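In: build me a model from this:
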Amino acid sequence: MFKKIKFGQPDPAFSTEKTIIGQSAVVVGNIVSQDVVQLKGHVVGNIDVNGSPNAQLSVLSQAHVEGDINAQQAVVDGVVTGNIESAGRVELHSGADVKGNISYATMAIEHGAKLYGMMSSHDDKQS
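Out: Reported below is the predicted structural model:
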């Protein structure tokens, strides 16, 4: 009856393209994608990952974002200095260090995650 989705994993029912930004990469500017983005490096700029129900941004453990994030789904295990807005799910893993506000439909927080800001839930059915 209910569909089980593993913590931190996109839904396998959707086929998506994946963009990986490597650990040694530094991106200065905005990133826009409609699919899955895995960030291992450093981004100075805003990130927008929307467009499909399975669009997801993963900020991995060594990654650092200096800018705002707007994503269908956001999984954070690194450092984010900026606000996070999601129409779907936001996950803060144990290595997450977020300095900014988070707006979300659903939220999961692992023990050890750090948030310096406010969290606000919004109803996905709002018009």
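
In: secondary structure element holding the residue positioned nearest the centre of the chain?
Out: Centroid check for the chain by C-alpha atoms, centre = their mean gives Ala74 as the closest residue, at 2.0 Å. Using DSSP states H and E, Ala74 sits within strand 73-76.

In: centre of the chain to that strand, how far?
Out: Between the centre of strand 73-76 and the centre of its chain there are 3 Å (C-alpha atoms, centre = their mean, to the nearest Å).

In: give me the sheet partners of the next helix or strand after it and which way each runs.
Out: Heading C-terminal from strand 73-76, the first helix or strand you meet, by DSSP H and E, is strand 79-81. Sheet pairing of strand 79-81 (DSSP bridges) gives strand 64-66 (parallel), strand 97-99 (parallel).

In: identify the residues contacting the first one?
Out: In this structure, residues lying in contact with strand 64-66 by C-beta atoms under 8 Å, 6 or more residues apart in numbering are 39, 41-45, 47, 59, 78-82. For every residue, glycine as well, the C-beta is placed using N, CA and C.

In: isn't the residue nearest to the centre of the chain right up against Glu91?
Out: Yes. Using C-beta atoms under 8 Å as the test, Ala74 is close enough to Glu91 to be in contact (7.2 Å).

In: low-confidence ranges, this structure, go.
Out: For the chain, the stretches with pLDDT under 70 are 1-16, 123-127.

In: picking that back up, for the strands paired with strand 79-81, give me CSV that also has distance to Gly29.
Out: Shown next, in CSV, are the strands paired with strand 79-81 (distance: least, C-beta to C-beta, whole Å):
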stretch, distance to Gly29
strand 64-66, 12
strand 97-99, 21
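
In: for Met34, grab the count of nearby residues.
Out: One correction, residue 34 is Gln, not Met. Look at Gln34: counted by other C-beta atoms under 10 Å, it has 15 neighbours.

In: pretty sure it sits against Ser52.
Out: Yes. Counting by C-beta under 8 Å, Ser52 is a contact partner of Gln34 at 5.5 Å.
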